[in-house]
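J.: Quick one, structure for this:
(2 chains)
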Amino acid sequence: MGYPHPIHPKETPLLSQHFGELDARSYEGWTRRGGYQALRQAVGMTPEAIVDEVKASGLRGRGGAGFPTGMKWGFMPKDDGKPHYLCCNADESEPGTFKDREIMRWTPHALIEGCAIACLGIRAETCYIFVRGEYTEPGRILERAIAEAYAAGALGDNVFGSGKRIEMVVHWGAGAYICGEETALMNAIEGKRGNPRIKPPFPAVSGLFGMPTTINNVETLAAVPPIITRGGAWYAGLTLGSPKSTGTKLISVCGHVQRPGTYEITLGLPMRELIFECCGGMREGRTLKAVIPGGSSVPIMNAAEVEECVTDYEGIAAKGSLLGSGGMIVMDDSTDMVLQICRLARFYAHESCAQCTNCREGTAWTTRILERILRGEGKRADLDLLLDLAENMTGKTICVLSDSCAAPVVSGIAKFRDEFEAYLSGARAPLAVGA
Amino acid sequence: MSHDTAPAGPVFTPARKAELEALAAKYPTRQALLLPALWMAQREHGWVRPEAIDEIAAELDLTPAYVRGVVTFYTMYHTHPVGRHFIQVCTTSPCGMCGAGDVVAALLEHTGCGELGATSPDGRFTVIETECLGACGFVTPMLIDDDFLESVTPDTVPELLARYP
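T.: Here you go, the predicted model:
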């Protein structure tokens, strides 16, 4: 549902149908809604059968990368004698993204159940849920739900009497966007600075504490229980567009729409219907100018591209952007694109872990150049300089934070060049920003 | 919670020590307790004091320099005292383009902080801008201490602040 709004007819509420129901937070309330049937079923399944069901569903990672979940689980070794770990990435910090928060605060048991099933599938006995430090309310609700699940025998040494063991621990972050990067997150759990690691080795070989590890996003894991109870084939049938984009996706829409909120769509819904029907369109008297469809790290789309875009992995890629996390930032015709791109660059400069030169220097200089353009002190060569910097920030660092800073700059200059030039020529009044 | 620089008691009182050891059973290394231990220190003293860094280092068999390196990486750990109530307001793009700047201005005025990062003369508040709080549909979100507040406007600021004496 488009929490905090009622369900819109164009939505497919699967994960979100109980958002807003206080009673769904409790173990009792959740079991009354059919909760924990999937885990009871999964304890009787082999790990292979669980992984096969998820593979059949076509479920892809909902955190941003869109990697097939079943395939990721299938990378975990068998009979290696080492402890395996599951990490749940609840470090939701991508600007525009606020969907995992609603899962944790309204249906924490859906996440716990999904994590437990994933543990069975990858042969892990311990799951660490890494919650960003700022998510005080969702994190506490989740901790209470975990305690309830232990008390009910859904977690612990003997899950539902099966003899299988699953431990679940909330590990609190302490403020660092970069910890949403999977290897940085593992370092944070290990008690280190949250610097991303060079890959390979990939987590399935050497992840948390050097052991085989799977890391999945909150929404990905919460989607697993219905896949177990209703079958992978059923889930794979949920699509309106590409057969490679299956299931439902939570899209958190923010910015200049009438009804910002977390909407759940069947993948393939036209973006125009999401924005203009579900979200009620633009604020009164305004028109659509731009959309950043998948969290701030993806290329900006203009109104014409939005008009024809299908909301799934392939559809948005065909328009030159990415579905990413499903954090959709909608901008109307009042938006100063140069100012907004500059603000995003400042975000990345602040959040760079600074271990790679191209990122540390690139994000900082991108911000300073954009600020001087806004102050009316830009030079004509600055746009080429920004693009040159962006080139040196793309594909050249350990993680993709640097690429993420470059994406809005490159797409912004390509699609809204006249606004940059208006500051350079003095046609637009300078702003007092930066140092 | 005290927030000053006067000498303070240890982080690891017997109760805290027990809490730490209970957590230790959930991790294969002691170093993994570092972020939780730093949170305990901040809850105890209001900020992460240099003495707390020494104490944590000793508990976890790490060097104080190493612990300090970790503390300074994470923005939520305070390395200096802050006001009795710590306010983090989101100004990242989605909030910024929907009016977060006006909320910041109202906060600076009504707390008496005057500028970001400063503590009000009465020691009651510190206000900082923070990057994306993950509540972009509820502009403007902010944290006062551990309380997550949504849809704050300049008009609601005085009433919200009054709840934090």
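J.: interface residues of the stretch 51-200 of chain A facing chain B?
T.: With CB under 8 Å from any CB of the partner chain as the criterion, the stretch 51-200 of chain A meets chain B at residues A:83, A:92-98, A:100-101, A:126, A:132-137, A:167, A:169, A:171-177, A:188-194. Where you see a C-beta, it was placed from the backbone N, CA and C, and this is true even at glycine.
J.: domain assignment for chain A?
T.: Chain A is divided into the following domains under automatic domain parsing: A:34-236, A:248-332, A:337-425.
J.: Quick check: which element contains the residue of chain B most remote from its centre?
T.: Going by CA atoms, centre = their mean, the residue of chain B most distant from its centre is B:Pro28, 27.7 Å out. Per DSSP states H and E: B:Pro28 is located in neither a helix nor a strand.
J.: Look at it and report its pLDDT.
T.: For B:Pro28, the model assigns a pLDDT of 98.
J.: Equivalent analysis for B:Ser2, please.
T.: So B:Ser2 comes in at 44 (pLDDT).
J.: if we can go back for a sec, rebuild the domains of chain A as a markdown table, extending it with mean pLDDT and mean neighbour count.
T.: Formatted as a markdown table, the domains of chain A follow (pLDDT from 0 to 100; neighbours: other CB atoms under 10 Å in any protein chain shown):
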| stretch | mean pLDDT | mean neighbour count |
| --- | --- | --- |
| domain A:34-236 | 98 | 22 |
| domain A:248-332 | 97 | 23 |
| domain A:337-425 | 97 | 20 |
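J.: what's the spacing between A:Gly210 and chain B?
T.: From A:Gly210 across to chain B, the span is 10 Å (CB to the nearest CB, to the nearest Å).
J.: try A:Leu389
T.: Taking CB to the nearest CB, one finds A:Leu389 at 20 Å from chain B.
J.: how about that residue, secondary structure?
T.: Assigned with DSSP: H, G, I helix; E, B strand; the rest coil, A:Leu389 falls in the helix class.
J.: my guess is B:Leu133 meets B:Thr91, correct?
T.: No. In this structure B:Leu133 lies outside contact range of B:Thr91 using CB atoms under 8 Å: 9.7 Å.
J.: And the two? Which one has more around it.
T.: B:Leu133 (28 against 23; other CB atoms under 10 Å in any protein chain shown).
J.: Show me how chain B divides into domains.
T.: Split into domains by automatic domain parsing, chain B comes to B:14-71, B:85-162.
J.: Any residue of the longest one touching chain A?
T.: Okay, so that is domain B:85-162. Yes. With CB under 8 Å from any CB as the criterion, chain A is reached by domain B:85-162 at B:88, B:91-94, B:96-98, B:130-139, B:143, B:146-148.
J.: Tell me what B:Ile87 is bridged to.
T.: Going by DSSP bridges, B:Ile87 is paired in beta bridges with B:Val127, B:Ile144.
J.: ok, now how distant is A:Cys405 from A:Ile316?
T.: Using CB to CB, to the nearest Å, one obtains 20 Å as the distance from A:Cys405 to A:Ile316.
J.: contacting residues around A:Ser411?
T.: Shown in contact with A:Ser411 (CB atoms under 8 Å, 6 or more residues apart in numbering or on different chains): A:Pro299, A:Ile300, A:Met301, A:Gly320, A:Ser321.
J.: residue contacts, A:Phe75?
T.: Shown here is A:Phe75, whose contacts under the criterion CB under 8 Å, 6+ apart are A:Phe202, A:Ala204, A:Thr214.
J.: In CSV: the residues you listed, plus distance to chain B and secondary structure.
T.: Below are those laid out as CSV (distance: CB to the nearest CB, whole Å; DSSP: H, G, I helix; E, B strand; the rest coil):
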residue, distance to chain B, secondary structure
A:Phe202, 20, coil
A:Ala204, 18, coil
A:Thr214, 17, strand
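J.: out of these, who's nearest A:Arg343?
T.: Minimum distance to A:Arg343 across these is 33.8 Å, recorded for A:Phe202 (CB to CB).
J.: So which of the residues of domain B:85-162 next to chain A are in helices?
T.: Using DSSP state H, the members of those that fall in helices are B:Ser93, B:Pro94, B:Gly96.
J.: Tell me how far the closest residue to the second one other than its chain neighbours lies from A:Glu94.
T.: This means B:Pro94. Spatial nearest neighbour of B:Pro94, excluding adjacent residues (CB to CB, 6 or more residues apart in numbering or on different chains): B:Cys136 at 3.9 Å. Using CB to CB, one obtains 10 Å as the distance from B:Cys136 to A:Glu94.
J.: hey, what's in contact with both of those two?
T.: What both B:Cys136 and A:Glu94 touch, as defined by CB under 8 Å, 6+ apart, is the set A:Gly327.
J.: Relative to A:Arg380, how far out is B:Lys49?
T.: No, residue B:49 isn't Lys; it's Arg. Distance, B:Arg49 to A:Arg380, using CB to CB: 52 Å.
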